[in-house]
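Asks: Quick one: sequence and predicted model below, then my questions.
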Amino acid sequence: MAFIDCHFFSETLGVTASMYVILPQPTTRQIGMTAQRVKSKHPTLFLLHGLSDDHTIWLRRTSIERFASQHGLAVVMPAVNRSFYTDMVHGYKYWSFISEEVPALARSFFPLSEEREDNFVTGNSMGGYGALKLALTYPERFAAAASLSGVTDVAQFVGQRSQEFQHVFGDLEQVEGSRHDVFRLAEDLSRHNGPRPLLYQCCGTEDFLYEANVRFRDHCHSLNLELTYEEEPGSHDWAYWDCKIQSVLNWLPVR
């Protein structure tokens, strides 16, 4: 695998932004890496970080480079600060950044496939929310999305931390049922006549977000959405996510 520490100017944010990118490389001599045939354009996983982290965290806390090499996946890891992947009411337009600018720029810099069947998104905690929000909003762009211990009930979560997240969402009483609410977005997807992304969700039973994840699982099942759900003992930590990202990669429908 090749690793790129990519810094670029964001027209959307008006500042220099950052992302880590790892790209498949066929190899017979690199220890711990699996040789994969390099396609003209790589299938791509957009891998999103949580609230207290940045674009570096997946490489620092997991073996994502080694795991991805077994599947021939490129991995794009952008930084969005504490934005909840949202065009902030008072701040930067991180939803436009992550949903439009990052994919377009990454594909202009690197040989990444634009085909829906080759594009996937996942993340942990806030990043799990971002992954669901992206795939449910744009089902025509992503073949699959996975949430690891995701913030599924964003209205409840931000309501408990109201002062900070008023800058992100504005009136927090309006978040539930809005375009920011993945429960509402799941309902929208259930009425969508076009392609629907496969969904994967996991959460540790000791996680403080466990009950909200169970509610979202039940909501998706009630809508007959194709959701794979897994739970086992685990907390909101990297020991759990380092294990479960391997399950996600094995689950992804990589062609």
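Replies: The structure has been received and is ready for your questions. Numbering: from 1, shown residues only.
Asks: how about the helices in the stretch 51-200 of the chain?
Replies: 57-61, 64-69, 94-96, 102-109, 126-137, 154-159, 162-169, 182-190 (DSSP state H, counting those that start in this stretch).
Asks: Give the buried residues for the fourth one.
Replies: Taking 16 or more other CB atoms under 10 Å as the neighbour-count basis, helix 102-109 is seen to contain the buried residues 102-103, 105-107. To be clear about C-beta, it is placed using only N, CA and C from the backbone, and glycine gets the same treatment.
Asks: next one: the last one
Replies: Residues 182-187, 189 are the ones in helix 182-190 that count as buried (16+ other CB under 10 Å).
Asks: how far is it from where the chain is centred?
Replies: Its chain's average C-alpha position is 17 Å from that of helix 182-190, according to CA atoms, centre = their mean, to the nearest Å.
Asks: what angle sits between that helix and helix 126-137?
Replies: On the basis of axes from the mean of the first three to the mean of the last three CA atoms, to 10 degrees, helix 182-190 is oriented at 30 degrees to helix 126-137.
Asks: so what does helix 182-190 touch, helix or strand wise?
Replies: The helices and strands touching helix 182-190, judged by 3 or more CB pairs under 8 Å, 6 or more residues apart in numbering; DSSP states H and E, are helix 126-137, helix 210-222.
Asks: Mean pLDDT, distance to L199 and mean neighbour count for these - can I get that in CSV?
Replies: CSV is the format used below for the helices and strands packed on helix 182-190 (pLDDT from 0 to 100; distance: least, CB to CB, whole Å; neighbours: other CB atoms under 10 Å):
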stretch, mean pLDDT, distance to L199, mean neighbour count
helix 126-137, 98, 7, 28
helix 210-222, 98, 7, 17
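Asks: how about those helices in a markdown table, adding distance to N81?
Replies: Converted to a markdown table, the helices and strands packed on helix 182-190 look like this (distance: least, CB to CB, whole Å):
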| stretch | distance to N81 |
| --- | --- |
| helix 126-137 | 10 |
| helix 210-222 | 23 |
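Asks: Indicate which one of the ones you listed is closest to R161.
Replies: Relative to R161, the nearest member of the helices and strands packed on helix 182-190 by CB to CB is helix 126-137, separated by 11.7 Å.
Asks: name the helices or strands packed onto the closest one?
Replies: On a contact count with 3+ CB pairs under 8 Å, 6+ apart, helix 126-137 meets strand 44-48, strand 119-124, strand 144-148, helix 182-190, strand 198-204.
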